[in-house]
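**Q** structure of the sequence below:
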Amino acid sequence: MDVFGLDEKHISRQIKDVDAMNDINMHLGDGHTTNIHPGKGTIDNNRIFAQQPDGSWHAVRIGNHEMKNDIGKGFHYHLEKFDANGNFIGPDEQVYVTKSKARGCKSS
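**A** Below you'll find the model as predicted:
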C-alpha cells in the first residue's frame with residue numbers, strides 16, 4: 001500500500017485507475033449493497049454501503065467533491081467503515097486515483 005499521508009480524519013494512499021474498481025469491490029465485500037445510510041435510515045446519494053457478516057457496514061463515498069481535481073492530486077474516493085448501529089469508525093481511507101500509462105496501438 002502506497003501510503004502518503006495520515007491525519008485524524010484520513011489515511012491517504014494512491015492507486016492506479018485500472019485497480020480502483022477491484023479496490024472498491026474488495027472493501028465492500030460480498031454483502032448486500034444499498035444507498036440507505038445504516039445509522040440515519042435516509043438515502044445517501046454519495047455512498048454505497050455493504051453490510052458485513054458481523055453486522056458492521058463498509059462504504060465507498062464518491063460525491064461531487066471527490067470527482068474534482070481541485071487540489072492537484074486528482075479524483076479520489078473514500079473507503080469508510082461503520083459499526084452495526086451505523087456509527088462511523090474513523091479514520092477512513094482516502095484513495096487518490098492516478099492514470100495508468102497510456103498504451104498506444106501500433107498501426108500496421
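
**Q** and the longest strand along the chain, C-alpha only, in PDB?
**A** Of all segments of type strand in the chain, defined using DSSP state E, the longest is strand 88-98. In PDB, the C-alpha atoms belonging to strand 88-98 read as follows (Å, rounded to 0.1, in the frame of the first residue of the first chain):
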ATOM      1  CA  PHE A  88     -18.800   6.000  11.700                       C
ATOM      2  CA  ILE A  89     -15.500   4.300  12.600                       C
ATOM      3  CA  GLY A  90     -12.600   6.600  11.700                       C
ATOM      4  CA  PRO A  91     -10.200   7.300  10.200                       C
ATOM      5  CA  ASP A  92     -11.300   6.500   6.600                       C
ATOM      6  CA  GLU A  93      -9.100   5.700   3.700                       C
ATOM      7  CA  GLN A  94      -8.800   8.500   1.100                       C
ATOM      8  CA  VAL A  95      -7.700   6.900  -2.100                       C
ATOM      9  CA  TYR A  96      -6.300   9.000  -5.000                       C
ATOM     10  CA  VAL A  97      -6.600   7.500  -8.400                       C
ATOM     11  CA  THR A  98      -3.700   8.000 -10.800                       C
END
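
**Q** can you list the residues that contact that strand?
**A** Strand 88-98 is contacted by residues 5-17, 20, 23, 27, 39, 56, 61, 73-83 when judged by Cβ atoms under 8 Å, 6 or more residues apart in numbering. Yep, even glycine has a C-beta here, placed from its N, CA and C like the rest.

**Q** which element is the closest residue to N87 other than its chain neighbours on?
**A** Nearest residue to N87, sequence neighbours excluded (Cβ to Cβ, 6 or more residues apart in numbering): G39, at 5.9 Å. According to DSSP states H and E, G39 maps onto no helix or strand at all.
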